[in-house]
Each structure stands twice: as C-alpha cells, then as structure tokens.
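1. based on what follows, work out the 3D shape:
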Amino acid sequence: MADRFQEIDGSITSPQGFRASGVFCDIKRLGTGKGSDKGLKRDLMLIASDIPATVAGMFTTNQVCAAPVKVSVPVASRARAQAIVSNSGNANACTGNRGMKDARAMVAAAARAVGVPADSVLVCSTGRIGMPMPMDRVRAGIRDAATKLAHDREAAANAAEAIMTSDSVSKEVAVQFELGGKQVTIGGIAKGAGMIEPGMSPTGRRPASRPLHATMLGFITSDASISSRALKRALREAVAVSFNRITIDGDMSTNDTVLALANGLAGNSTIKRLDDRDGKRFL
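-> Alright, predicted model coming up:
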C-alpha cells in the first residue's frame, strides 16, 4: 500500500471529523529552564473527533513512568476514545500522588470543555521532570483550547507547535490513499529532538528482551473505519519498525507515547483484520 500513499499538505485535521487547537497558557514559565526563555510559545493542545473513534496507544516501558501514561494506558486499552489533551513545559513525572491527581484533573477538564465522557479522553505531558503542574494555568488553557478547536490547517499547526520542547521545528504529515473505493486520510504530529530511544508497548510493560529507552510524543488521526483489534495491532507493528528503532542519545524518558484515533468517517468497509481474503496486507 505504501506506493499508493499520496502526501498532502496538512496533518491531524486533514482526516474528516477531527478538530485541533494549540494555545499559550504559560506552563513553561514555572521551573522549566530554557523553556522560560521561549516567549509566548503555545504549550497546550487538544485533539477531538466529532464522533467516538477507535483508539490505540503505545507507551513508555521505562520503570519510572509519568502520571499521564498511567492514566492513559487503560483508556487506550478500550475500544473507543474521542479526545487527547497534551501540554509541553512540564512532564508531570516523578510527581507522586499529586501528579496522578493533576493528570486526572486534566482529563476531567478536557472532557467538560469538549463535551465528551471523561473515560474517552487521553492525556500526555512533556517537559521538565519533577515539577508540580501549574493546574490553574492548565485548566485555563484547556478552556481556551476548547473554544479554538477547528478543522483547518492552522489549527493543526498550532497543536503541533504546542507539544514542542527542545524541537527546532514542528513535525507534521498527512497522506491519502484509496481503500475499498473510498478516499482515506491519515494525519500525524510528533515531537522530540533529544532524549529519544523509544521502546514502547501497548501496556507500558517492558518485555525482558527490550532495552531501556527515551522521550517523544506522536499523535495520529484517521478517518478510516477499522476495528479496535486491527488498529491496536497496526499501531503496534508500525511502532516496532519506526519509533522503536530510533535512537538519538540513548537517554531514558518517562513519557513516551504514541496515540491513534480512527473515526470511520471515510466510509470504507471496516477493516477487521490486517490481511484481506487474498492474504494481501492492508497495512
């Protein structure tokens, strides 16, 4: 199928039925080192599907794992989700019980602001480790981001900027291809420039054969119709031959996460497994 992909301008809002936003709420000001010198850079983003979407996730297998990972793993294990909230400037890692409370508060605030069930919201954070989240600013940022959710190209670019930390450029991509006579779109954004050597798994548990690893975030959206089981397998296999093969400096991270949402609005016949009747690979 790779030879049938056509790259288009866009990213996470290119698939039908996805909105995004990125805002500045001054998370980076408090105890984030170089981040404090970055000025009015966006530091909180939302992604929302217009309808519940099939969900899959891959997470850090570091023995020290951040609160947002612990909160998001069970959500990604379900069949469907509808929104993602993520911030930069603070990793909410090594923050104990308060960190767990703050991660859950971010989920609850995003659910209220977007108008979706709390158990359909995933949360991610990236930035300085060991610092408490400035929740007054985070809550204000979530409310602001919800009012700015949009389907357009600028909204996606703003979201991509909002997850950057040491990145010098934002990372976005979108592709289209035909599937069962329907046009399907996949979009993605990612962050990471240092502390990168991912070794993610669906549960955050590290198999004995896996090495320790490091930091990055990736968010993927698609309007393809695909079953939960197939999407989870597709993401697992894709991460194994992409993100989990990257190393920059070998430093470990507490927050590595890749999340995928697929809402089915392209109208293709639902992919229930990764092999069709003729044994040809869908993905």
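2. any idea how far the nearest residue to M216 once chain neighbours are set aside lies from L231?
-> Among residues not flanking M216 along the chain, G192 sits closest, at 3.1 Å (CB to CB, 6 or more residues apart in numbering). From N, CA and C alone the C-beta is placed, and that goes for glycine too. Distance of G192 to L231, given as CB to CB, to the nearest Å: 23 Å.
3. kindly report the same for A66.
-> A66 is 24 Å from L231, by CB to CB.
4. residue ranges with poor pLDDT in the stretch 101-250 of the chain?
-> For the stretch 101-250 of the chain, applying pLDDT under 70 flags the ranges 193-215, 248-250.
5. which helix runs longest in this protein?
-> Using DSSP state H to define each element, the chain has its longest helix at helix 96-114.
6. note down every partner strand of the strand or helix carrying G218 and its orientation.
-> Taking DSSP states H and E as the definition, G218 sits inside strand 217-222. Strands that pair with strand 217-222, judged by DSSP bridges, come out as strand 182-191 (antiparallel), strand 257-262 (parallel).
7. save those as CSV, and put in mean neighbour count and distance to D50 too.
-> What follows is these, written out as CSV (neighbours: other CB atoms under 10 Å; distance: least, CB to CB, whole Å):
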stretch, mean neighbour count, distance to D50
strand 182-191, 22, 14
strand 257-262, 27, 11
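8. between A66 and L231, who's got more neighbours?
-> It is A66, of A66 and L231, that has more neighbours when counted by other CB atoms under 10 Å, with 30 against 24.
9. just checking, the more buried one touches N87?
-> No. At 11.8 Å, A66 does not count as touching N87 under the criterion of CB atoms under 8 Å.
10. so what's in contact with these two at the same time?
-> Listed as contacting both A66 and N87 by CB atoms under 8 Å, 6 or more residues apart in numbering are S125.
11. in the chain, which spans are strands?
-> Along the chain, counting by DSSP state E, strands occupy 6-7, 18-23, 44-59, 80-90, 121-128, 171-179, 182-191, 217-222, 257-262.
12. what's the mean pLDDT across the second one?
-> Confidence for strand 18-23, expressed as mean pLDDT, is 98.
13. wait, doesn't D43 sit right on G89?
-> Yes. The pair D43 / G89 is scored as a contact, 4.9 Å apart, by CB under 8 Å.
14. what do the two both touch?
-> 27-28.
15. count the residues that sit near R229.
-> Using other CB under 10 Å, R229 has 15 other residues around it.
16. and it, what does it touch?
-> Contacts here follow CB under 8 Å, 6+ apart; on that basis R229 touches 272-273.
17. one more time with 6 Å, if that's ok
-> Neighbour list for R229: empty [criterion: CB atoms under 6 Å, 6 or more residues apart in numbering].
18. go on, S222?
-> Going by CB under 6 Å, 6+ apart, S222 touches 15, 186, 262.
19. then G267?
-> G267 makes contact with K182 under the criterion CB under 6 Å, 6+ apart.
20. give me the phi and psi for it.
-> The phi/psi pair for G267 (degrees, to the nearest 10) reads phi 80, psi 10.
21. that one and R4, how far apart?
-> Distance, G267 to R4, by CB to CB: 18 Å.
22. again with F24
-> Using CB to CB, one gets 39 Å for the distance from F24 to R4.
23. which residues sit against the longest helix of the chain?
-> For helix 96-114, the surrounding residues in contact (CB under 6 Å, 6+ apart) are 48, 67-68, 71, 83, 85, 92, 118, 121, 123, 132-133, 135, 139, 142-143, 146.
24. using CSV, write down the CA coordinates of that helix.
-> Extracted in CSV, the C-alpha atoms of helix 96-114 (Å, rounded to 0.1, in the frame of the first residue of the first chain):
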residue,chain,number,x,y,z
GLY,A,96,3.8,11.3,43.2
ASN,A,97,0.1,11.3,44.2
ARG,A,98,-0.3,15.0,43.2
GLY,A,99,0.8,14.1,39.7
MET,A,100,-1.8,11.4,39.4
LYS,A,101,-4.4,13.8,40.7
ASP,A,102,-3.3,16.5,38.3
ALA,A,103,-3.3,14.1,35.3
ARG,A,104,-6.9,13.0,36.1
ALA,A,105,-7.9,16.7,36.6
MET,A,106,-6.6,17.5,33.1
VAL,A,107,-8.8,14.6,31.7
ALA,A,108,-11.8,15.9,33.6
ALA,A,109,-11.3,19.5,32.5
ALA,A,110,-10.8,18.5,28.8
ALA,A,111,-13.9,16.3,29.0
ARG,A,112,-16.0,19.1,30.3
ALA,A,113,-14.6,21.6,27.9
VAL,A,114,-15.0,19.4,24.8
